[in-house]
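**Student:** Need coordinates for the following:
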Amino acid sequence: MDKDLLSLVQREVKGIIADLAGHDARLDAVKTKLEKDEVARRGEIDKVLARLVSMEKMLSEELLRRVEGVEQRVEGVEQRVEGVEQGLAETNIKVEVQGKRVEESLAAANFKVEELGQGMAELQDSLAKTDGKVEQLAHEIKSQRMEDVKPG
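**Tutor:** Residues are numbered from 1 along each chain as shown. Reported below is the predicted structural model:
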């Protein structure tokens, strides 16, 4: 019986070895498929990365172009602002000059008004003296006439 048992064990071992060989073959097939799938995935990933790098480069160039356009517009605005500031400075200078001229004209006009006021005062004084002399002259003439009219 030992031979039968040995024979049975040997058949079982051969069956197990055959099963293991089948499993090994299937594992090799799965491993090969996984490796092919990995290579295919890597290829897809490389394509996606290449597209992303290309898009990044294109977007960077577009962004740079737009930034340069904005910078040029900002420079134009800055130049216009400088022009306006210069114009305002020139206008301020002109306003100051005109203000000084107006102040000088007002001072001269005030001086003339004061001179006219003094002239009017002198004229009124002269008129008052003339009125006094006219009254005195009229009185003298009246007195003279009365003497001429006296019977005498």
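**Student:** And the helices in this structure?
**Tutor:** 2-149 (DSSP state H).
**Student:** quick one: low-confidence parts of it?
**Tutor:** Scanning the chain for pLDDT under 70 picks out the ranges 1, 151-152.
**Student:** mind redoing it with 80?
**Tutor:** Applying pLDDT under 80 to the chain picks out residues 1, 147-152.
**Student:** Can you get me a residue count around Lys129?
**Tutor:** Lys129 has 10 neighbours, counted by other Cβ atoms under 10 Å. Just so you know, the C-beta spots here come from the backbone N, C-alpha and C atoms, and that holds for glycine as well.
**Student:** Correction: the previous question concerned Arg42.
**Tutor:** As a burial measure, Arg42 scores 10 neighbours (other Cβ under 10 Å).
**Student:** and it, what does it touch?
**Tutor:** Counting by Cβ atoms under 8 Å, 6 or more residues apart in numbering, Arg42 makes contact with nothing.
**Student:** Please renumber the chain so that the first residue is 362 from this point on.
**Tutor:** Taking 362 as the first residue, the last one we looked at is Arg403.
**Student:** what about Val435, how many neighbours?
**Tutor:** 10.
**Student:** for Glu417, same thing?
**Tutor:** Quick note: Glu417 (other Cβ under 10 Å) scores 10 neighbours.
**Student:** Quick check: it vs Leu424, distance?
**Tutor:** Glu417 sits at a distance of 10 Å from Leu424 (criterion: Cβ to Cβ, to the nearest Å).
**Student:** what's the answer for Glu508, then?
**Tutor:** Glu508 is 122 Å from Leu424, by Cβ to Cβ.
**Student:** repeat for Val370
**Tutor:** 77 Å.
**Student:** likewise Lys375?
**Tutor:** Distance from Lys375 to Leu424, by Cβ to Cβ: 71 Å.
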